[in-house]
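Trainee: pasted the sequence and its predicted model underneath.
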Amino acid sequence: MSERSHRIDEHELHAFLDDELPPERRAAVETHLAESPEDAALIAEWRRQGELLHAAFDRVAAEPVPHRLSPAREFAARRSIRPAARTGPRFALASLAFVAGLGVGGIVTVELVSDSRPPVTVATSRPDELAERALVAHQVFAAEVRHPVEVSAAEEAHLVQWLSKRLAYPIRVPDLASEGYRLLGGRLLAGEAGPAALLMFENSAGERLTLYCARPDGRGETAFRYVQAGTTAAFYWRDKDAACALSGPAERDKLLRIAKRVYETFDAPAGAPI
Amino acid sequence: MGFRQALEAEIPALRRYARALARDRDVADDLVQDTLLRALGAESRWRDGNLRTWLFTILTNLNRNRLRGLARRPPRAEVETIDLAHAAPAPSAEMYDILRALDQLTTEQREILLLVALEGLSYAEGAEVLGIPLGTVMSRLSRARAAFRTALGGERPASTRLRIVK
(Lines give C-alpha, C1' and ligand atoms only; values in the text may rest on other atoms or scores of the structure.)
Protein backbone atom coordinates (compact mmCIF):
# COMPACT_ATOMS: atom_id res chain seq x y z
CA MET A 1 0.00 0.00 0.00
CA SER A 2 2.44 2.61 -1.08
CA GLU A 3 1.42 6.22 -1.26
CA ARG A 4 1.69 6.01 -5.02
CA SER A 5 -1.01 3.43 -5.40
CA HIS A 6 -3.52 5.84 -3.94
CA ARG A 7 -2.84 8.49 -6.48
CA ILE A 8 -5.21 7.29 -9.07
CA ASP A 9 -6.67 9.91 -11.31
CA GLU A 10 -10.08 9.60 -12.84
CA HIS A 11 -8.77 8.85 -16.29
CA GLU A 12 -7.14 5.76 -14.87
CA LEU A 13 -10.45 4.59 -13.50
CA HIS A 14 -11.94 4.84 -16.98
CA ALA A 15 -8.91 3.16 -18.49
CA PHE A 16 -9.22 0.40 -15.92
CA LEU A 17 -12.81 -0.25 -16.90
CA ASP A 18 -11.99 -0.10 -20.60
CA ASP A 19 -9.04 -2.44 -20.26
CA GLU A 20 -6.58 0.18 -21.38
CA LEU A 21 -4.11 0.05 -18.50
CA PRO A 22 -0.70 -1.55 -18.47
CA PRO A 23 -0.56 -4.44 -15.96
CA GLU A 24 1.25 -2.54 -13.24
CA ARG A 25 -1.23 0.31 -13.22
CA ARG A 26 -4.04 -2.17 -13.36
CA ALA A 27 -2.82 -3.74 -10.16
CA ALA A 28 -2.49 -0.30 -8.57
CA VAL A 29 -6.05 0.58 -9.45
CA GLU A 30 -7.29 -2.75 -8.12
CA THR A 31 -5.59 -2.05 -4.82
CA HIS A 32 -7.08 1.39 -4.78
CA LEU A 33 -10.59 0.12 -5.53
CA ALA A 34 -10.43 -2.35 -2.68
CA GLU A 35 -10.02 0.61 -0.36
CA SER A 36 -12.29 3.07 -2.06
CA PRO A 37 -15.87 1.85 -2.29
CA GLU A 38 -16.88 5.15 -3.81
CA ASP A 39 -14.58 4.75 -6.78
CA ALA A 40 -15.57 1.10 -7.06
CA ALA A 41 -19.21 2.21 -7.19
CA LEU A 42 -18.35 4.77 -9.84
CA ILE A 43 -16.80 2.11 -12.02
CA ALA A 44 -19.79 -0.15 -11.45
CA GLU A 45 -22.02 2.70 -12.56
CA TRP A 46 -20.03 3.25 -15.75
CA ARG A 47 -20.11 -0.46 -16.43
CA ARG A 48 -23.88 -0.36 -16.04
CA GLN A 49 -24.04 2.44 -18.61
CA GLY A 50 -22.42 0.16 -21.12
CA GLU A 51 -24.85 -2.62 -20.27
CA LEU A 52 -27.77 -0.25 -20.74
CA LEU A 53 -26.50 0.82 -24.13
CA HIS A 54 -26.10 -2.78 -25.18
CA ALA A 55 -29.59 -3.56 -23.91
CA ALA A 56 -30.96 -0.68 -25.93
CA PHE A 57 -29.13 -1.19 -29.21
CA ASP A 58 -27.79 -4.71 -29.55
CA ARG A 59 -31.06 -5.78 -31.09
CA VAL A 60 -30.25 -3.49 -34.03
CA ALA A 61 -27.12 -5.47 -34.77
CA ALA A 62 -29.15 -8.66 -34.48
CA GLU A 63 -31.78 -7.53 -36.97
CA PRO A 64 -31.64 -8.95 -40.43
CA VAL A 65 -29.81 -6.45 -42.60
CA PRO A 66 -32.24 -4.67 -44.93
CA HIS A 67 -31.79 -5.53 -48.57
CA ARG A 68 -30.75 -2.05 -49.50
CA LEU A 69 -27.69 -2.45 -47.28
CA SER A 70 -26.68 -5.80 -48.56
CA PRO A 71 -23.68 -5.67 -50.92
CA ALA A 72 -24.97 -8.81 -52.54
CA ARG A 73 -28.05 -7.05 -53.75
CA GLU A 74 -28.97 -3.72 -55.22
CA PHE A 75 -26.83 -2.08 -52.62
CA ALA A 76 -24.46 -0.60 -55.15
CA ALA A 77 -27.31 1.30 -56.72
CA ARG A 78 -27.70 4.79 -55.44
CA ARG A 79 -30.07 5.05 -52.53
CA SER A 80 -33.49 4.49 -53.89
CA ILE A 81 -36.41 6.59 -52.95
CA ARG A 82 -38.58 4.60 -50.67
CA PRO A 83 -41.47 3.58 -52.78
CA ALA A 84 -44.82 5.19 -52.38
CA ALA A 85 -47.99 3.38 -53.05
CA ARG A 86 -49.43 4.03 -56.42
CA THR A 87 -52.87 2.78 -55.79
CA GLY A 88 -54.90 4.39 -53.09
CA PRO A 89 -57.66 3.14 -50.94
CA ARG A 90 -60.14 4.85 -53.19
CA PHE A 91 -60.37 1.77 -55.32
CA ALA A 92 -62.96 -0.85 -54.80
CA LEU A 93 -62.55 -2.17 -51.35
CA ALA A 94 -64.65 -5.12 -52.19
CA SER A 95 -61.78 -6.55 -54.14
CA LEU A 96 -59.20 -6.23 -51.45
CA ALA A 97 -56.38 -8.60 -51.97
CA PHE A 98 -53.40 -9.48 -49.94
CA VAL A 99 -50.53 -9.11 -52.26
CA ALA A 100 -47.40 -8.59 -50.37
CA GLY A 101 -47.56 -11.39 -47.88
CA LEU A 102 -45.15 -10.85 -45.07
CA GLY A 103 -43.26 -7.67 -45.68
CA VAL A 104 -39.92 -6.68 -44.31
CA GLY A 105 -39.99 -6.36 -40.57
CA GLY A 106 -43.35 -7.99 -40.18
CA ILE A 107 -45.23 -5.33 -42.02
CA VAL A 108 -47.81 -6.46 -44.42
CA THR A 109 -48.92 -4.20 -47.17
CA VAL A 110 -52.39 -4.81 -48.32
CA GLU A 111 -53.01 -3.41 -51.71
CA LEU A 112 -56.35 -2.30 -52.86
CA VAL A 113 -56.98 -3.55 -56.28
CA SER A 114 -58.88 -1.58 -58.83
CA ASP A 115 -60.77 -3.29 -61.57
CA SER A 116 -58.63 -1.78 -64.27
CA ARG A 117 -55.19 -1.87 -62.78
CA PRO A 118 -53.09 -4.77 -61.74
CA PRO A 119 -52.21 -4.96 -58.07
CA VAL A 120 -49.11 -3.10 -57.08
CA THR A 121 -46.90 -4.54 -54.47
CA VAL A 122 -45.36 -2.03 -52.19
CA ALA A 123 -42.58 -2.97 -49.88
CA THR A 124 -42.45 -0.86 -46.80
CA SER A 125 -39.59 -1.17 -44.43
CA ARG A 126 -41.37 0.51 -41.59
CA PRO A 127 -44.72 1.99 -40.80
CA ASP A 128 -45.06 5.69 -41.10
CA GLU A 129 -45.47 7.92 -38.16
CA LEU A 130 -49.24 7.89 -38.32
CA ALA A 131 -49.27 4.19 -37.57
CA GLU A 132 -46.63 4.47 -34.90
CA ARG A 133 -48.49 7.19 -33.09
CA ALA A 134 -51.76 5.35 -33.43
CA LEU A 135 -50.31 2.16 -31.99
CA VAL A 136 -48.73 3.93 -29.09
CA ALA A 137 -51.96 5.81 -28.39
CA HIS A 138 -53.82 2.52 -28.52
CA GLN A 139 -51.40 0.86 -26.14
CA VAL A 140 -51.59 3.74 -23.71
CA PHE A 141 -55.30 4.45 -23.72
CA ALA A 142 -56.94 1.12 -24.47
CA ALA A 143 -55.30 -0.22 -21.33
CA GLU A 144 -56.70 2.64 -19.29
CA VAL A 145 -59.38 1.41 -16.92
CA ARG A 146 -60.71 4.52 -15.28
CA HIS A 147 -60.20 7.21 -17.89
CA PRO A 148 -60.01 5.63 -21.32
CA VAL A 149 -61.73 8.61 -22.91
CA GLU A 150 -62.09 12.31 -22.26
CA VAL A 151 -65.59 12.65 -23.59
CA SER A 152 -67.86 9.66 -23.36
CA ALA A 153 -70.24 8.30 -25.96
CA ALA A 154 -73.12 9.74 -23.95
CA GLU A 155 -72.11 13.07 -25.41
CA GLU A 156 -71.41 11.81 -28.89
CA ALA A 157 -72.70 14.89 -30.69
CA HIS A 158 -70.53 17.14 -28.59
CA LEU A 159 -67.56 14.81 -29.03
CA VAL A 160 -67.84 14.85 -32.80
CA GLN A 161 -68.32 18.59 -32.94
CA TRP A 162 -65.41 19.25 -30.62
CA LEU A 163 -62.94 16.94 -32.35
CA SER A 164 -64.02 18.11 -35.81
CA LYS A 165 -63.48 21.68 -34.76
CA ARG A 166 -60.04 21.04 -33.29
CA LEU A 167 -58.88 19.01 -36.28
CA ALA A 168 -60.63 21.37 -38.68
CA TYR A 169 -62.03 18.53 -40.66
CA PRO A 170 -65.13 16.48 -40.10
CA ILE A 171 -64.68 13.52 -37.81
CA ARG A 172 -67.20 10.77 -38.31
CA VAL A 173 -68.03 8.00 -35.95
CA PRO A 174 -68.31 4.71 -37.79
CA ASP A 175 -71.09 2.41 -36.76
CA LEU A 176 -69.40 -0.81 -35.73
CA ALA A 177 -72.44 -2.40 -34.12
CA SER A 178 -72.47 -5.13 -36.73
CA GLU A 179 -69.07 -6.16 -35.44
CA GLY A 180 -70.24 -5.96 -31.86
CA TYR A 181 -68.41 -2.78 -30.96
CA ARG A 182 -69.94 0.31 -29.48
CA LEU A 183 -68.43 3.74 -29.07
CA LEU A 184 -66.92 4.41 -25.66
CA GLY A 185 -65.93 7.97 -26.41
CA GLY A 186 -62.92 9.86 -27.57
CA ARG A 187 -60.09 12.19 -26.78
CA LEU A 188 -57.90 14.80 -28.35
CA LEU A 189 -54.24 13.97 -28.85
CA ALA A 190 -51.17 15.66 -30.18
CA GLY A 191 -50.55 14.25 -33.64
CA GLU A 192 -47.69 14.51 -36.09
CA ALA A 193 -48.33 18.09 -37.06
CA GLY A 194 -51.27 19.18 -34.98
CA PRO A 195 -54.24 17.79 -33.16
CA ALA A 196 -55.35 14.23 -33.65
CA ALA A 197 -58.47 12.47 -32.50
CA LEU A 198 -58.78 9.10 -30.86
CA LEU A 199 -62.10 7.31 -30.80
CA MET A 200 -62.41 4.21 -28.70
CA PHE A 201 -64.76 1.29 -29.20
CA GLU A 202 -65.43 -1.67 -26.99
CA ASN A 203 -67.23 -4.97 -27.41
CA SER A 204 -69.09 -6.95 -24.80
CA ALA A 205 -65.95 -8.90 -24.01
CA GLY A 206 -64.22 -5.66 -23.08
CA GLU A 207 -61.96 -5.79 -26.11
CA ARG A 208 -61.08 -2.35 -27.39
CA LEU A 209 -60.38 -0.83 -30.75
CA THR A 210 -59.16 2.67 -31.30
CA LEU A 211 -59.48 4.83 -34.34
CA TYR A 212 -56.77 7.44 -34.63
CA CYS A 213 -57.45 10.25 -37.06
CA ALA A 214 -55.27 13.13 -38.05
CA ARG A 215 -55.93 15.79 -40.62
CA PRO A 216 -55.28 14.74 -44.16
CA ASP A 217 -51.85 16.16 -44.78
CA GLY A 218 -51.79 16.24 -48.56
CA ARG A 219 -48.92 13.78 -48.62
CA GLY A 220 -50.84 11.76 -51.09
CA GLU A 221 -52.64 8.54 -50.84
CA THR A 222 -51.24 5.41 -49.43
CA ALA A 223 -52.37 1.88 -49.67
CA PHE A 224 -54.19 0.24 -46.88
CA ARG A 225 -51.39 -1.01 -44.72
CA TYR A 226 -51.13 -3.41 -41.87
CA VAL A 227 -48.56 -3.03 -39.16
CA GLN A 228 -48.17 -5.27 -36.19
CA ALA A 229 -46.37 -4.62 -32.95
CA GLY A 230 -46.55 -7.57 -30.63
CA THR A 231 -50.16 -8.43 -29.93
CA THR A 232 -51.44 -5.11 -31.21
CA ALA A 233 -51.89 -4.22 -34.84
CA ALA A 234 -53.25 -1.44 -36.98
CA PHE A 235 -54.53 -0.86 -40.44
CA TYR A 236 -53.77 2.63 -41.64
CA TRP A 237 -54.28 4.70 -44.72
CA ARG A 238 -54.14 8.23 -45.98
CA ASP A 239 -56.14 9.88 -48.65
CA LYS A 240 -57.67 13.27 -49.27
CA ASP A 241 -60.49 12.56 -46.83
CA ALA A 242 -58.58 11.25 -43.90
CA ALA A 243 -55.38 9.99 -42.36
CA CYS A 244 -56.55 7.21 -40.13
CA ALA A 245 -55.36 4.17 -38.29
CA LEU A 246 -57.53 1.52 -36.72
CA SER A 247 -55.72 -0.31 -33.95
CA GLY A 248 -56.72 -3.35 -32.00
CA PRO A 249 -55.74 -6.91 -31.20
CA ALA A 250 -53.61 -8.43 -33.91
CA GLU A 251 -56.27 -10.38 -35.72
CA ARG A 252 -55.71 -9.34 -39.27
CA ASP A 253 -58.86 -10.50 -41.01
CA LYS A 254 -61.16 -9.10 -38.41
CA LEU A 255 -59.29 -5.83 -38.16
CA LEU A 256 -59.33 -5.52 -41.92
CA ARG A 257 -63.07 -6.04 -42.06
CA ILE A 258 -63.61 -3.31 -39.50
CA ALA A 259 -61.09 -1.00 -41.12
CA LYS A 260 -63.02 -1.33 -44.36
CA ARG A 261 -66.13 -0.26 -42.54
CA VAL A 262 -64.34 2.74 -41.08
CA TYR A 263 -62.91 3.64 -44.45
CA GLU A 264 -66.35 3.59 -46.00
CA THR A 265 -67.60 5.89 -43.28
CA PHE A 266 -64.99 8.47 -44.08
CA ASP A 267 -65.32 8.01 -47.78
CA ALA A 268 -69.07 8.59 -47.80
CA PRO A 269 -70.19 12.00 -49.00
CA ALA A 270 -71.14 14.41 -46.25
CA GLY A 271 -74.66 13.85 -45.08
CA ALA A 272 -74.92 10.47 -46.71
CA PRO A 273 -76.32 7.70 -44.60
CA ILE A 274 -73.51 5.59 -43.22
CA MET B 1 -11.50 -12.36 -46.59
CA GLY B 2 -12.21 -10.08 -49.50
CA PHE B 3 -12.96 -6.43 -49.13
CA ARG B 4 -16.66 -6.90 -49.68
CA GLN B 5 -17.05 -9.69 -47.21
CA ALA B 6 -15.08 -7.70 -44.68
CA LEU B 7 -17.37 -4.77 -45.35
CA GLU B 8 -20.46 -6.88 -45.00
CA ALA B 9 -19.26 -8.25 -41.69
CA GLU B 10 -19.18 -4.71 -40.28
CA ILE B 11 -22.74 -3.83 -41.25
CA PRO B 12 -24.48 -4.99 -38.06
CA ALA B 13 -22.16 -2.93 -35.86
CA LEU B 14 -22.43 0.06 -38.18
CA ARG B 15 -26.20 -0.14 -38.04
CA ARG B 16 -26.15 -0.33 -34.26
CA TYR B 17 -23.83 2.67 -33.97
CA ALA B 18 -25.84 4.64 -36.52
CA ARG B 19 -29.12 3.87 -34.81
CA ALA B 20 -27.75 4.96 -31.46
CA LEU B 21 -26.40 8.15 -33.01
CA ALA B 22 -29.35 9.08 -35.17
CA ARG B 23 -32.15 7.11 -33.56
CA ASP B 24 -34.44 7.17 -36.54
CA ARG B 25 -34.29 3.83 -38.31
CA ASP B 26 -34.37 5.22 -41.83
CA VAL B 27 -31.94 8.02 -41.12
CA ALA B 28 -29.58 5.54 -39.50
CA ASP B 29 -29.76 3.09 -42.38
CA ASP B 30 -29.26 5.94 -44.84
CA LEU B 31 -26.06 6.78 -42.96
CA VAL B 32 -24.94 3.17 -43.16
CA GLN B 33 -25.77 2.95 -46.83
CA ASP B 34 -23.86 6.14 -47.62
CA THR B 35 -20.94 4.86 -45.56
CA LEU B 36 -20.88 1.60 -47.49
CA LEU B 37 -21.15 3.40 -50.82
CA ARG B 38 -18.21 5.62 -49.96
CA ALA B 39 -16.21 2.67 -48.81
CA LEU B 40 -16.98 0.77 -52.00
CA GLY B 41 -16.08 3.82 -54.02
CA ALA B 42 -12.69 3.86 -52.34
CA GLU B 43 -12.14 0.14 -52.62
CA SER B 44 -9.40 0.43 -55.21
CA ARG B 45 -7.48 2.75 -52.92
CA TRP B 46 -7.97 0.52 -49.91
CA ARG B 47 -4.83 -1.02 -48.52
CA ASP B 48 -4.51 -2.99 -45.35
CA GLY B 49 -5.57 -1.10 -42.33
CA ASN B 50 -8.28 -1.03 -39.77
CA LEU B 51 -11.44 -1.33 -41.84
CA ARG B 52 -13.60 -0.97 -38.79
CA THR B 53 -12.22 2.38 -37.67
CA TRP B 54 -12.25 3.62 -41.23
CA LEU B 55 -15.95 2.81 -41.60
CA PHE B 56 -16.79 4.30 -38.23
CA THR B 57 -14.90 7.43 -39.23
CA ILE B 58 -16.90 7.80 -42.42
CA LEU B 59 -20.17 7.25 -40.62
CA THR B 60 -19.33 9.66 -37.81
CA ASN B 61 -18.47 12.37 -40.32
CA LEU B 62 -21.59 11.75 -42.38
CA ASN B 63 -23.65 12.09 -39.24
CA ARG B 64 -21.94 15.36 -38.34
CA ASN B 65 -22.66 16.68 -41.82
CA ARG B 66 -26.24 15.63 -41.42
CA LEU B 67 -26.53 17.45 -38.10
CA ARG B 68 -24.98 20.56 -39.60
CA GLY B 69 -27.51 20.36 -42.40
CA LEU B 70 -30.33 20.09 -39.91
CA ALA B 71 -29.04 23.07 -37.98
CA ARG B 72 -29.08 25.21 -41.09
CA ARG B 73 -32.65 24.38 -41.91
CA PRO B 74 -35.54 26.20 -40.32
CA PRO B 75 -36.29 24.79 -36.91
CA ARG B 76 -38.35 21.68 -36.97
CA ALA B 77 -38.91 19.50 -34.01
CA GLU B 78 -36.92 16.34 -34.31
CA VAL B 79 -39.28 13.48 -33.93
CA GLU B 80 -38.34 10.35 -32.18
CA THR B 81 -39.17 7.34 -34.22
CA ILE B 82 -40.11 4.29 -32.33
CA ASP B 83 -39.04 1.18 -34.05
CA LEU B 84 -42.13 -0.92 -33.79
CA ALA B 85 -41.22 -3.52 -36.33
CA HIS B 86 -38.58 -5.07 -34.18
CA ALA B 87 -39.24 -3.73 -30.74
CA ALA B 88 -41.45 -5.10 -28.06
CA PRO B 89 -45.00 -3.72 -28.23
CA ALA B 90 -43.99 -0.46 -26.64
CA PRO B 91 -40.60 0.82 -25.58
CA SER B 92 -40.18 0.19 -21.90
CA ALA B 93 -39.92 3.06 -19.50
CA GLU B 94 -36.29 2.14 -18.94
CA MET B 95 -35.59 2.27 -22.65
CA TYR B 96 -37.10 5.71 -22.86
CA ASP B 97 -34.88 6.79 -19.99
CA ILE B 98 -31.80 5.58 -21.81
CA LEU B 99 -32.77 7.28 -25.05
CA ARG B 100 -33.63 10.50 -23.29
CA ALA B 101 -30.37 10.41 -21.36
CA LEU B 102 -28.42 9.93 -24.58
CA ASP B 103 -30.22 12.94 -26.02
CA GLN B 104 -28.83 15.06 -23.26
CA LEU B 105 -25.24 14.48 -24.26
CA THR B 106 -23.48 16.65 -26.76
CA THR B 107 -22.74 15.08 -30.13
CA GLU B 108 -19.08 14.76 -29.20
CA GLN B 109 -19.91 13.05 -25.94
CA ARG B 110 -22.38 10.73 -27.61
CA GLU B 111 -19.86 9.72 -30.25
CA ILE B 112 -17.10 8.77 -27.86
CA LEU B 113 -19.42 7.06 -25.41
CA LEU B 114 -21.00 4.93 -28.13
CA LEU B 115 -17.68 4.11 -29.77
CA VAL B 116 -16.09 2.93 -26.54
CA ALA B 117 -18.94 1.67 -24.37
CA LEU B 118 -21.19 0.25 -27.09
CA GLU B 119 -18.89 -0.62 -29.98
CA GLY B 120 -15.93 -1.61 -27.86
CA LEU B 121 -13.33 0.45 -29.69
CA SER B 122 -10.03 1.01 -27.96
CA TYR B 123 -9.01 4.53 -27.01
CA ALA B 124 -6.52 4.54 -29.86
CA GLU B 125 -9.23 3.51 -32.32
CA GLY B 126 -11.57 6.13 -30.89
CA ALA B 127 -8.85 8.74 -31.36
CA GLU B 128 -8.45 7.67 -34.97
CA VAL B 129 -12.18 7.73 -35.69
CA LEU B 130 -12.68 11.14 -34.14
CA GLY B 131 -9.38 12.58 -35.30
CA ILE B 132 -8.40 13.71 -31.81
CA PRO B 133 -5.44 13.02 -29.53
CA LEU B 134 -5.59 10.20 -27.02
CA GLY B 135 -5.74 12.63 -24.12
CA THR B 136 -8.81 14.25 -25.60
CA VAL B 137 -10.44 10.85 -25.94
CA MET B 138 -9.98 10.30 -22.25
CA SER B 139 -11.23 13.67 -21.11
CA ARG B 140 -14.16 13.56 -23.49
CA LEU B 141 -15.09 10.05 -22.39
CA SER B 142 -14.85 11.10 -18.79
CA ARG B 143 -17.23 14.02 -19.38
CA ALA B 144 -19.54 11.85 -21.43
CA ARG B 145 -19.86 9.24 -18.71
CA ALA B 146 -20.44 11.90 -16.08
CA ALA B 147 -23.12 13.56 -18.21
CA PHE B 148 -24.76 10.24 -19.01
CA ARG B 149 -24.75 9.36 -15.36
CA THR B 150 -26.42 12.63 -14.41
CA ALA B 151 -28.95 12.26 -17.20
CA LEU B 152 -29.80 8.72 -16.20
CA GLY B 153 -29.78 9.48 -12.54
CA GLY B 154 -33.33 10.66 -12.02
CA GLU B 155 -34.11 8.06 -9.40
CA ARG B 156 -30.66 7.70 -7.98
CA PRO B 157 -29.07 10.89 -6.72
CA ALA B 158 -25.55 11.33 -8.00
CA SER B 159 -22.80 11.29 -5.45
CA THR B 160 -22.29 14.69 -3.96
CA ARG B 161 -18.61 14.16 -3.66
CA LEU B 162 -16.61 16.26 -6.03
CA ARG B 163 -13.73 14.60 -7.70
CA ILE B 164 -10.70 16.59 -8.59
CA VAL B 165 -9.46 15.79 -12.02
CA LYS B 166 -5.86 16.59 -12.61
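Mentor: Received, thanks. Numbering: from 1, shown residues only, chains lettered A, B, ... in the order given.
Trainee: any idea how far chain B is from A:Ala205?
Mentor: Going from A:Ala205 to chain B by CB to the nearest CB, to the nearest Å gives 20 Å. Using the backbone N, CA and C atoms, a C-beta is placed for each residue, glycine as well.
Trainee: now A:Ala190
Mentor: A:Ala190 is 11 Å from chain B, by CB to the nearest CB.
Trainee: what does that residue show for phi and psi?
Mentor: A:Ala190 adopts backbone torsions of phi -90, psi 120, taken as degrees, to the nearest 10.
Trainee: count the residues that sit near it.
Mentor: Residues contacting A:Ala190 under the criterion other CB atoms under 10 Å in any protein chain shown number 10.
Trainee: check contacts around it.
Mentor: By CB atoms under 8 Å, 6 or more residues apart in numbering or on different chains, the contact list for A:Ala190 reads A:Ala196.
Trainee: where's B:Ile132 relative to B:Glu111, distance?
Mentor: Distance from B:Ile132 to B:Glu111, counting by CB to CB, to the nearest Å: 10 Å.
Trainee: for those two, indicate the residue with more neighbours.
Mentor: B:Glu111 (23 against 15).
Trainee: what sits closest to that one if chain neighbours are left out?
Mentor: B:Thr60 (5.9 Å; CB to CB, 6 or more residues apart in numbering or on different chains).
Trainee: burial count for that neighbour?
Mentor: 22.
Trainee: cool, B:Thr136 as well?
Mentor: 15.
Trainee: can you verify it is assigned to a helix?
Mentor: Yes. Using DSSP: H, G, I helix; E, B strand; the rest coil, the assignment for B:Thr136 is a helix.
Trainee: any idea which element the residue lying closest to it once chain neighbours are set aside lies in?
Mentor: Take B:Thr136 and drop its neighbours on the chain: the residue closest to it by CB to CB, 6+ apart is B:Ala127, 7.5 Å away. B:Ala127 is part of helix B:123-130, with elements assigned from DSSP states H and E.
Trainee: do A:Glu192 as well
Mentor: With DSSP H and E as the test, A:Glu192 turns up in no helix or strand.
Trainee: for the nearest residue to it once chain neighbours are set aside, give me the pLDDT.
Mentor: Distances taken as CB to CB, 6+ apart place A:Glu129 nearest to A:Glu192, at 5.3 Å, with adjacent residues excluded. Listed pLDDT for A:Glu129 reads 79.
Trainee: you'd agree the residue nearest to B:Thr136 is up against B:Ser139?
Mentor: No. At 11.8 Å, B:Ala127 does not count as touching B:Ser139 under the criterion of CB atoms under 8 Å.
Trainee: in chain B, which helix has the most residues?
Mentor: With secondary structure taken from DSSP state H, chain B has its longest helix at helix B:51-72.
Trainee: averaged pLDDT, that helix. What do you get?
Mentor: pLDDT averaged over helix B:51-72 gives 88.
Trainee: same deal with stretch A:55-73?
Mentor: On average, stretch A:55-73 scores 79.
Trainee: next up, the contacts around A:Val214.
Mentor: One correction, residue A:214 is Ala, not Val. A:Leu130, A:Arg133, A:Leu167, A:Gly191, A:Glu192, A:Ala193, A:Gly194, A:Pro195, A:Ala196, A:Ala197, A:Ala243, A:Cys244.
Trainee: what does the helix or strand hosting B:Ala13 rub up against?
Mentor: Using DSSP H and E, B:Ala13 falls within helix B:3-22. By CB under 8 Å, 6+ apart, the residues outside helix B:3-22 that reach it are A:53, A:56-58, A:60-63, A:65, A:69-72, B:1, B:25, B:28-29, B:31-32, B:35-36, B:39-40, B:43, B:46, B:51-52, B:55-56, B:59-60, B:63, B:66, B:102, B:110-111, B:114-115, B:118-119.
Trainee: A:Pro64 should be in a strand, yeah?
Mentor: No. Counting by three-state DSSP, A:Pro64 is not part of a strand but coil.
Trainee: flag the shaky bits of the stretch 101-250 of chain A, pLDDT-wise.
Mentor: Along the stretch 101-250 of chain A, the parts satisfying pLDDT under 70 run over A:101-127, A:217-223, A:241.
Trainee: and for chain B?
Mentor: B:1, B:71-93, B:154-166.
Trainee: how is it carved up into domains?
Mentor: B:1-79, B:88-166 (automatic domain parsing).
Trainee: quick one, which of those domains is nearest to A:Glu202?
Mentor: domain B:88-166 (19.6 Å; CB to CB).
Trainee: and A:Leu163, how close does it get to A:Arg215?
Mentor: 11 Å.
Trainee: okay, the two: which has more neighbours?
Mentor: It is A:Leu163, of A:Leu163 and A:Arg215, that has more neighbours when counted by other CB under 10 Å, with 24 against 18.
Trainee: what helix or strand is that one on?
Mentor: Per DSSP H and E: helix A:156-167 holds A:Leu163.
Trainee: do stretch B:139-151 and chain A meet?
Mentor: Yes. With CB under 8 Å from any CB of the partner chain as the criterion, chain A is reached by stretch B:139-151 at B:Ser139, B:Leu141, B:Ser142, B:Arg145, B:Phe148, B:Arg149.
Trainee: need those in JSON lines with distance to A:Phe16, can you?
Mentor: Compiled in JSON lines, the residues of stretch B:139-151 next to chain A are given as follows (distance: CB to CB, whole Å):
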{"residue": "B:Ser139", "distance to A:Phe16": "16"}
{"residue": "B:Leu141", "distance to A:Phe16": "13"}
{"residue": "B:Ser142", "distance to A:Phe16": "12"}
{"residue": "B:Arg145", "distance to A:Phe16": "13"}
{"residue": "B:Phe148", "distance to A:Phe16": "18"}
{"residue": "B:Arg149", "distance to A:Phe16": "17"}
